[in-house]
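> can't give you the sequence, but here's the structure:
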């Protein structure tokens, strides 16, 4: 290599290393709130400690903050409520979006375009905007302050319908026709032939659905009242308010981790699936 | 099943979804419309129909404050987070192991509940002992009462939103970048184009449809995300962080003025609809560009 080529190569390498260092530094700074949460939740830290913001671990991790949070808050109830809400919504959604998705993917009927736009309307009007009239609807249906009231507005999902429509379109019709010829009823055909083949689309939808409803706050706050109906996010805010006033930051960090932990862990383990389904939200 | 017409089958398959959409989307929109034009006297007694709620809404300085806050919040979060998403996407494009780790770190806040982000940032932004001030002090920089002062509170909320959302937008940028043929860059390199020129002449134009799409999601987030405001500031201090959805929430939940809340809901719905019509157009022109 000529001397000039060598210096250019070295300079290129230097720039590369500098860029890497910059990026790593940025990522480190970006992750400090989460690193702090992890560290503070396991550090032995008294109320109002001056060095509460320290990112250095003590090397004698303790789970005391977690057990304090668990006994002081009603986390078992909140977990149960969040699980019921997220899984309940998902279960009903999977049925409604499979049926409607099939209609859009396979059937020709009059008014299809109009119905399509009717679904599109739900995509556009993201639920939070309609909290006020939706609350009235829930009250009128007698579902106020109940978990079904929290779930009901999400049972139909335009996003899910469009996703299933795309998914069904990638499946050849031959399978369905063969099943019908073999004497399967229409519902049997959907359940035994199409649903297994559409699993990738359903998993993508499930990840998006569970993530968004696990994390939802404003709607459950609006339509529930009694402590026994609180979901994790609502419980967290009421719990943290008093812990903050006591400057008990270890407790705040532990409680936050209890709420955010399951999804963070799931994301770390199934990153590729999460990323793919987030990109699916791109279809809307 | 052979005997049934496709229309009959379709009606049967669509019925559950349409019934639910009817209950929780169409009726609520009509209901909000009705409520917005229903006038109430003292004690919630019906007094007639009219545009009084809109007059009341438009005469309320708090409403205009919320609109302008929302505009500042929108520009302040959307532009930096998309810029950041593009820079990070380009920098982390190559699939090395280190890049994969950094990407993960950047995307972590995306799966966090917004309220959890808020409780974390309550400490991050704590005056004096908080994460930000504590480490700024190590660098010899004086901190501030970020959430407590009307001058900085909205910017603190903006910072939080950027941290929460930039990683999400980066995922789309990465997907868009993966769709650009590497030959284009190699050919330009042979022609002597530097990295910056290639970014401006190849990457950015080809990323345009992706960016148009990300812009739409980001704008929708600006109107629909409000949990952090409710948890951290409740719209204060002196209304400096009161954005539209928080205004609606307060009017309905705390002040019990459903007429005004409904009028504000209708205004927001109209805004969102206009936004999506406009975005459908940009998306179409984006596709046009691609083909």
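It's in. Every value quoted in this text rests on a predicted model; they were computed, and no experiment measured them. Numbers count the residues shown, from 1 in each chain, chains lettered A, B, ... in the order given.
> neighbours around residue A:277, how many?
Around residue A:277 there are 22 other residues, counting by other CB atoms under 10 Å in any protein chain shown. Using the backbone N, CA and C atoms, a C-beta is placed for each residue, glycine as well.
> tell me who's in contact with it.
Residue A:277 sits next to A:203-208 when contact means CB atoms under 8 Å, 6 or more residues apart in numbering or on different chains.
> one more time with 6 Å
A:204, A:207-208 (CB atoms under 6 Å, 6 or more residues apart in numbering or on different chains).
> which of the helices or strands spans it?
Take DSSP states H and E as the rule and residue A:277 turns out to sit in helix A:271-280.
> wasn't residue A:171 part of a helix?
No: Residue A:171 sits outside any helix when classified using DSSP: H, G, I helix; E, B strand; the rest coil, being coil.
> how many other residues sit next to it?
Other residues within reach of residue A:171 by the criterion other CB under 10 Å amount to 16.
> leaving aside the residues next to it on the chain, what's closest to it?
Closest residue in space to residue A:171, ignoring its immediate chain neighbours: residue A:197 at 5.0 Å, by CB to CB, 6 or more residues apart in numbering or on different chains.
> again with residue B:222
Counting by CB to CB, 6+ apart, residue B:74 is the residue found nearest to residue B:222 once chain neighbours are left out, at 4.2 Å.
> any idea how far residue A:23 lies from residue A:83?
Distance, residue A:23 to residue A:83, by CB to CB, to the nearest Å: 38 Å.
> what about those two, which has more around it?
residue A:23 (18 against 15).
> could you list the low-confidence segments of the stretch 151-284 of chain A?
Counting by pLDDT under 70, the stretch 151-284 of chain A shows low-confidence ranges at A:282-284.
> let me see the ranges of the helices in it.
Assigned by DSSP state H, counting those that start in this stretch, the helices in the stretch 151-284 of chain A fall at A:158-169, A:174-181, A:186-189, A:195-197, A:199-214, A:218-223, A:232-245, A:249-269, A:271-280.
> got these as TSV, with distance to residue A:18 columns?
Converted to TSV, these look like this (distance: least, CB to CB, whole Å):
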stretch	distance to residue A:18
helix A:158-169	43
helix A:174-181	55
helix A:186-189	60
helix A:195-197	50
helix A:199-214	36
helix A:218-223	44
helix A:232-245	41
helix A:249-269	29
helix A:271-280	28
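> who wins for proximity to residue B:31 among those?
Go through those one by one with CB to CB and the one that ends up closest to residue B:31 is helix A:218-223, at 15.0 Å.
> residues in contact with that closest one: which ones?
Applying CB under 6 Å, 6+ apart, the set of residues contacting helix A:218-223 from outside is A:128, A:131, A:135, A:138, A:149-150, A:231, A:234, B:227.
> closest one of the residues you listed to residue B:68?
Once CB to CB is applied, the member of the contacts of helix A:218-223 that ends up nearest residue B:68 is residue A:128, at 20.4 Å.
> tell me how many other residues surround the residue nearest to that closest one when sequence neighbours are not counted.
Closest residue to residue A:128 apart from its sequence neighbours, by CB to CB, 6+ apart: residue B:224 at 4.5 Å. Burial of residue B:224, expressed as a neighbour count using other CB under 10 Å, amounts to 17.
> wait, doesn't residue B:224 sit right on residue A:127?
No: the pair residue B:224 and residue A:127 fails to qualify as a contact (CB atoms under 6 Å) at a distance of 8.0 Å.
> which neighbours do those two share?
Overlap between the contact sets of residue B:224 and residue A:127, as judged by CB under 6 Å, 6+ apart, is nil.
> related to what we said a few turns ago, could you dump the contacts of helix A:218-223 into TSV and include secondary structure?
Conversion of the contacts of helix A:218-223 to TSV gives the following (three-state DSSP):
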residue	secondary structure
A:128	helix
A:131	helix
A:135	helix
A:138	helix
A:149	helix
A:150	helix
A:231	coil
A:234	helix
B:227	helix
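> which one in these is the model shakiest on?
The lowest pLDDT within the contacts of helix A:218-223 belongs to residue A:128, which sits at 79.
> so that one versus residue B:220, what's the distance?
For residue A:128, the distance to residue B:220 - CB to CB - is 10 Å.
> now do residue A:187
Taking CB to CB as the criterion, residue A:187 is separated from residue B:220 by 36 Å.
> of these two, who's got more company?
Set residue A:187 next to residue B:220 and count neighbours by other CB under 10 Å: residue B:220 wins out with 19 against 10.
> give me the contacts around the helix or strand containing residue B:53.
With elements delineated by DSSP H and E, residue B:53 resides in helix B:52-59, which encompasses its position. Residues outside helix B:52-59 that contact it (CB under 6 Å, 6+ apart) are B:36, B:39, B:63, B:259-260, B:263-264.
> and for stretch B:199-206?
When contacts are taken as CB under 6 Å, 6+ apart, the neighbours of stretch B:199-206 outside the stretch itself are B:180, B:184.
> all helices for the stretch 51-200 of chain B, in order.
For the stretch 51-200 of chain B, applying DSSP H, counting those that start in this stretch gives helices covering B:52-59, B:61-91, B:97-111, B:114-124, B:131-138, B:153-178, B:182-190, B:195-198.
> so where's chain B uncertain?
Across chain B, the ranges flagged by pLDDT under 70 are B:1-4, B:42-44, B:280-291.
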